[in-house]
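> Fold the following, please.
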Amino acid sequence: MVSNKVKRNLWLTLTIVSVACVIARAIRVAEGAIEWWELVSTIIITAFCVKFYLCYRRAVREGKLFGRVDLFNRRVKK
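Numbers count the residues shown, from 1 in each chain. So this is what the prediction gives:
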């Protein structure tokens, strides 16, 4: 089983790489080399990476090192 710290670090790495991709694609859109929707799709993927990183960061701060993390903050009806 992989700990939430490892998952947090993985999502942080993916976030950093995604931000670099956004910057590169923004430059290419400004040059006219690619279409605008490629930049938008990269921004959406980056937003999900940031969201997942923040969810795992919160879980680790709360002391939940193992177990499931609710990534979309769903309310469970009892």
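> Nearest spatial neighbour of the spatially most central residue of the chain, chain-adjacent residues omitted?
Nearest residue to the geometric centre of the chain (C-alpha atoms, centre = their mean): C49, 0.7 Å. For C49, ignoring the flanking residues on the chain, the nearest one in space by C-beta to C-beta, 6 or more residues apart in numbering is T15 at 4.3 Å. Placement of C-beta: from N, CA and C, glycine included.
> Report how many residues lie close to the one you found.
20 (other C-beta atoms under 10 Å).
> next one: C55
19.
> which residues touch it?
By C-beta atoms under 8 Å, 6 or more residues apart in numbering, the contact list for C55 reads V69, D70, L71.
> secondary structure element for it?
Per DSSP states H and E, C55 falls inside helix 36-61.
> secondary structure element for K5?
Per DSSP H and E, K5 falls inside helix 4-31.
> ok, T15 to Y53 distance?
Distance of T15 to Y53, given as C-beta to C-beta, to the nearest Å: 5 Å.
> Residues that sit against both of these two, list them.
By C-beta under 8 Å, 6+ apart, no residue touches both T15 and Y53.
> if we can go back for a sec, nearest to I45 among the contacts of C55?
Distance to I45 across the contacts of C55 (C-beta to C-beta) is lowest for L71, with 14.8 Å.
> Just say helix, strand or coil for the closest one.
coil (DSSP: H, G, I helix; E, B strand; the rest coil).
> ok, so what distance separates it from F52?
Counting by C-beta to C-beta, the gap from L71 to F52 is 6 Å.
> higher neighbour count, the two?
When neighbours are counted by other C-beta under 10 Å, L71 and F52 differ, and F52 comes out ahead with 20 against 14.
> Spit out the contact partners of the nearest residue to that one once chain neighbours are set aside.
Leaving aside its chain neighbours, F52 sits nearest to W11 (4.6 Å; criterion: C-beta to C-beta, 6+ apart). Applying C-beta under 8 Å, 6+ apart to W11 gives the contacts C49, F52, Y53, Y56.
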